[in-house]
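Student: Quick one, what's the 3D model for this:
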Amino acid sequence: MTTLRLLTLCVYCGAQHNRITHADVSDMASPSDGDISLCFHCGEINVVDDGADGGLRKPNEDEKREIEADERVIHLRATWPKVKLQ
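Tutor: Next comes the predicted model:
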């Protein structure tokens, strides 16, 4: 897992993050436009967009459908509250 120092701003809650971690250990590249990012503060899914203020944006309708059907995201969302409480 690679953690990069990258300043981002959640479009849902405004939380500022200074790191982003790839969940897929096979992909060690920097985050790219269209990758998703979980806000550790509020648990919402943002989309990486280099052209957006804060480097993140809300997913569009097609992306929302894809994200909501992704088993990894379902697991991540179910696990997030437990991790947040620690």
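
Student: Next, the buried residues of the lengthiest helix in the chain.
Tutor: If you go by DSSP state H, the chain has its longest helix at helix 71-85. Buried positions in helix 71-85, judged by neighbour count with 16 or more other Cβ atoms under 10 Å: 73, 76-77, 80. Heads up, the C-betas are built off the backbone N, CA and C, glycines and all.

Student: Apart from its neighbours in sequence, what residue is nearest the residue nearest the centre of the chain?
Tutor: The centroid of the chain falls nearest to residue 37 when counting by Cα atoms, centre = their mean (0.7 Å). Distances taken as Cβ to Cβ, 6 or more residues apart in numbering place residue 46 nearest to residue 37, at 4.8 Å, with adjacent residues excluded.

Student: Next, find the distance separating the residue lying closest to residue 44 once chain neighbours are set aside from residue 73.
Tutor: Closest residue in space to residue 44, ignoring its immediate chain neighbours: residue 12 at 4.1 Å, by Cβ to Cβ, 6+ apart. Using Cβ to Cβ, to the nearest Å, residue 12 is found at 15 Å from residue 73.
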